[in-house]
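Participant: Turn this into a structure:
(one chain, ligands or ions: 2)
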Amino acid sequence: MTTLHLLGFPRIGAKRELKTLLESYWKQEINNEKLLNASRELRQRHWLLQKGAGIEQVPVGDFSLYDHVLDAQLLVGAIPSRFGFSAATLTTQQYFELARGNDQQAALEMTKWFDTNYHYLVPEWHTNTRFQAQTAQLLAQVHEAQALGLQAKPVLLGPLSLLWLGKTKDQAFDKLALLPTLLHTYQQILTTLKASQVEWVQIDEPILALDLPSDWLEALASSYQQLQTGSPKLLLATYFDSVAEHADLLKTLPVAGLHLDLVRAPQQLAVFLDHWPQDKVLSAGIIDGRNIWRTDLAKVLDKLQPLADKLQQRLWLAPSCSLLHSPFDLATETQLDADIKSWLAFAVQRLNELKTLRCGLQYGAAAIADELAGSNHAQQQRRASHLIHQPSVQQRLAALATDADRRHSPYPVRAAAQQAWLKLPLLPTTTIGSFPQTSEIRRARAAFKRGELKPEQYQQQMEQEIKLAIQRQEALDLDVLVHGEAERNDMVEYFGEQLSGFVFTTNGWVQSYGSRCVKPPILFGDVTRPQAMTVQWARYAQSLTTRPVKGMLTGPVTILQWSFVRNDLAHSEVCRQIALALNDEVRDLEAAGIRVIQIDEPAIREGLPLKRAGHSSYLQWAGQAFRLSSSGVADSTQIHTHMCYSEFGDILPAIAALDADVITIETSRSNMELLQDFAKFAYPNAIGPGVYDIHSPRVPQVAEVQHLLEKALQVIPQERLWVNPDCGLKTRNWPEVEAALTVMVSVSKTLRAQLTA
Ligand code: GLN
Ligand code: ZN
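Facilitator: Ligands and ions are numbered 1, 2, ... in the order given. So this is what the prediction gives:
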C-alpha cells in the first residue's frame, strides 16, 4: 500500500493558538510550564488529525515555538556565542531572546525562506563555530508521537542547507569548512533517533532547488555517504523547484528515498522515473502545499496510476512541500462565497485529498466515485464560472497598443516638464506614504467594518486624519506631501477589497515569523477596477495645500506576490490585469489633479525565481506590468516607486527599466552599501535613498543623516537626489515621526544651502 506522509504541518493552529500562547508568555500572563503543555497539546491535536486521514508517518520536529531553522541550530548546539548561552541548558526564555533579542544583544537576523513569505532566523557562522548534538527536545517529541501509536518521522533540516542558509560572521570564509564537524554531529543525532525506534528520518535539502556551485554538490554526495551508516532510513526532501539537473547524483545517493515537488516542477518526474533505483522510495509531492486550490483528483490520479504500477510500495504520496505555507482549515470559512469555497483546499482538506488519492490507487476509481465527482464538478464549475472570467478584461489587454507600457518621452524630457511646474528645490524632501496608524484610526476602521460607523462618519474621521497629516507636513516644511494612508490597514488588502477578482478569508492565516501571521487575499478571477480606489482621499488632501500631494498605490507585482494567486492563468497575465486596473487609477488620479503618483513595489525582488535561468523572463514581465500601470500619463506627471528590505544590487538594470521618474529605496541599514551598486550601474533617473531606519523608535542624529547624504552625493548627481526615510511610518508614533523628519528636513536644507552657495 502507498504510504501517505506530510513534510510538515502548520504549527500555528486552527485558531492561531500558538500565537496567543506565545504572546501571553511574552507578556508573562502564562508561565513556561503552561506554554510547553499547551504547545504539546497543539502538536498532538495536529498529529491526531493526520492519523485520522490515515497518515502513518507523522512529521516530528516540524513544530516549533518560533522557527524551525532556529531549532535546527539548537539541535546541533550552534547558537551564537555572543549571547553567552549554553545550548545544553538553554531555557525557553533564552530561546526567545535568540529569536527576539535582549537588552545586550540584537536578535538573530531574519530573512525570507526561499521564495515564500515565511521568515527564518539566520544562523551565524564563525570559523570557530563548534557543534554538539542536543537531542533531548526532539526525542521528547518523538516519544510523544509514538505514545499516540504513530510512527514518528523526525524532520531535520539537512546539513548542507543549514550551512548554506547561515551567514559568515567576523570574516568571510568557506562555510563548507564547518561541514566535517557538523556531519559528525548529525551522525550522532541520527544514531540517537535510531535507538528510539525511528524507522524513517526526513532530511530536507531545499537548497538543491537553487543553482548550486559544484563544490557544494560534491560535498552533498560525500556527506550522505557518511550519514547513512548507522542511521534510520533517510528520505531526502527537495521542494520549491526542480532538482532534475541533479538527477544522476540523487539517484545514486545512498538514501532510502527522495521527495520531489511535482506541483512546482512536474516536468522533473520523467527524468527521475528513468532508471529509478529498485531500492528507493519516491515520494511524489503531488498536491499543492503552497497554494489553496483544490486538487483536480481525476487528473492527479491519472498521473499517479502508472507511477503506482511501476513503484508499488515504493511510491509515497505527500503535498509538494510543508503545509506550513497553507492556511489551516477551510471549514471555518463561513463567509466565503459557496462556489469559490468549493474550489479551495487548506491544510486539513489536503489530508483528505491524500487519503482519497490513496484509496483510488488501491481500490480503483470506482471506490472514490463520489469524491471524484465532487472534484470534477468543482473544477468544471470553476472553469466556467462567470465570477472568474470577464471577457472585457482579456479584450482590453489584447487591444493594448504595443507601446502601452512606455511613457511618451524619455526621462530627461519628462524631468524638465515636471520641474517646470513642481519647482522643487535641490534635495527635495518627501516621505514614503504612511503616517502613524494611531489607535483612534484603527478603532474607526474596525467600527466602520462592523457597521457601527456610517460611511459619512468614517469619511469625516479619515478626512480629519488627512488634515492633521497635511498640517504636520507643512509645519515640517516637507516638499512633496502624502495623505498618510490612514484608511489602509494593509497595502495589498486595501486594493484587493476594491478590485474585482479577489476574496478574503476570515481565518486563512499563514505564519510569517514567530507569532506573526499574514492573511493573503485570494486572487481567483479576472481583475478589474469597478471604481476609483484612492482618488477621493488624494483629492481631499490636495485641496488642503498648495504643495504637491503624492498619490499612493500598491504596484501590480506586489499585489500579485502577496496574494494566493489563481493557478489557471500565468502569473505574467494576472499581473498584466492588475497593472491595467491600476493604470485606470493612475489616470483618474492625474485627471483629479494629482500629478505626483507613487506606485510601491517592495515585493519585486522576492518574486525572482529560485534559479537564475528564470530571472530574465520574470524581470521582463514584472517590469512590463509596472510600466503598464504607470504609463499613459503626461510627461509632466511624476511617477515614483518605492522598494525596501531586499537585496536590490543584482537587479538594478531591471529596476532602471521600470523607468520611474523617482525611486525611493531603503538603504540606511546597510549604511548605503546599495549606493555603490547604484554608482557602478549609473542609475539614470532620480533616487531617494532612505536616510534613516524607520524600524527603530530612535530619532536619527543630524550628523548621521548628513553623513549618509554626503555619501549619496558622491555617487548621485545632486539634481537627481531626493531625501526621505527608508519606508512608511505607520508603525511609529507622531512624536518620533516629527522629531525624525525635523532632523531630515534640516539636514536637507543645510546641504542645499551649501550646494547653491
Ligand atoms: N506606501 C507604503 C507605506 O508607506 C509602503 C510600504 C512598504 O514599502 N511596505 O506604508
Ligand atoms: Zn517600504
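
Participant: Any idea how many residues pack against residue 698?
Facilitator: By the criterion of other Cβ atoms under 10 Å, residue 698 has 11 neighbours. Backbone N, C-alpha and C define where each C-beta goes, glycine included.

Participant: Report the secondary structure state of it.
Facilitator: Of the three states, residue 698 takes coil according to DSSP: H, G, I helix; E, B strand; the rest coil.

Participant: Tell me how far the residue nearest to residue 337 when sequence neighbours are not counted lies from ligand 2.
Facilitator: Of all residues not flanking residue 337 in the chain, residue 503 sits nearest, at 6.6 Å (Cβ to Cβ, 6 or more residues apart in numbering). Residue 503 sits 26 Å away from ligand 2, taking Cβ to the ion, to the nearest Å as the criterion.

Participant: send the alpha carbons of the helix or strand bottoming out on mean pLDDT in the chain over as CSV?
Facilitator: Using mean pLDDT, DSSP states H and E, the weakest-scoring helix or strand in the chain turns out to be helix 673-681, at a mean of 85. Extracted C-alpha coordinates of helix 673-681, given in CSV (Å, rounded to 0.1, in the frame of the first residue of the first chain):
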residue,chain,number,x,y,z
GLU,A,673,26.0,50.0,0.6
LEU,A,674,23.4,49.9,-2.1
LEU,A,675,24.6,53.3,-3.3
GLN,A,676,27.8,51.7,-4.5
ASP,A,677,25.7,49.5,-6.8
PHE,A,678,23.8,52.5,-8.0
ALA,A,679,27.1,54.3,-8.7
LYS,A,680,28.6,51.4,-10.6
PHE,A,681,25.5,50.9,-12.7
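
Participant: which residues are contacting it?
Facilitator: 648-649, 652-653, 656, 665, 667, 687, 689, 711-712, 714-716 (Cβ atoms under 8 Å, 6 or more residues apart in numbering).

Participant: Generate a ChimeraX selection restricted to the buried subset of the residues you listed.
Facilitator: Command for ChimeraX that selects the buried part of the contacts of helix 673-681, burial taken from 16 or more other Cβ atoms under 10 Å:
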select :648,649,652,656,665,667,687,689,711,712,715,716
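
Participant: Next, format the contacts of helix 673-681 as JSON lines and append pLDDT.
Facilitator: Formatted as JSON lines, the contacts of helix 673-681 follow (pLDDT from 0 to 100):
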{"residue": "648", "pLDDT": "88"}
{"residue": "649", "pLDDT": "88"}
{"residue": "652", "pLDDT": "94"}
{"residue": "653", "pLDDT": "96"}
{"residue": "656", "pLDDT": "97"}
{"residue": "665", "pLDDT": "94"}
{"residue": "667", "pLDDT": "87"}
{"residue": "687", "pLDDT": "96"}
{"residue": "689", "pLDDT": "94"}
{"residue": "711", "pLDDT": "92"}
{"residue": "712", "pLDDT": "94"}
{"residue": "714", "pLDDT": "93"}
{"residue": "715", "pLDDT": "92"}
{"residue": "716", "pLDDT": "94"}
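
Participant: For this protein, list the residues in contact with ligand 1, please.
Facilitator: Residues of the chain found near ligand 1 (Cβ under 6 Å from any ligand atom) are 432-434, 485, 491, 552, 600, 602, 642, 644, 727-728, 730.

Participant: Among those residues, find me the one that's closest to residue 455.
Facilitator: residue 485 (18.7 Å; Cβ to Cβ).

Participant: quick one: the closest one from ligand 2, how far?
Facilitator: 12 Å.

Participant: Thought residue 436 was touching that residue, still the case?
Facilitator: No - applying Cβ atoms under 8 Å, one finds residue 485 not in contact with residue 436, separated by 10.2 Å.

Participant: picking that back up, show me which of the contacts of helix 673-681 is closest to residue 536.
Facilitator: Once Cβ to Cβ is applied, the member of the contacts of helix 673-681 that ends up nearest residue 536 is residue 665, at 29.2 Å.

Participant: Run through the helices of the stretch 1-150 of the chain in chain order.
Facilitator: 17-26, 32-52, 68-75, 92-100, 136-147 (DSSP state H, counting those that start in this stretch).

Participant: I figured residue 69 was touching residue 120, is that so?
Facilitator: Yes - between residue 69 and residue 120 there is a contact under Cβ under 8 Å: 3.8 Å.
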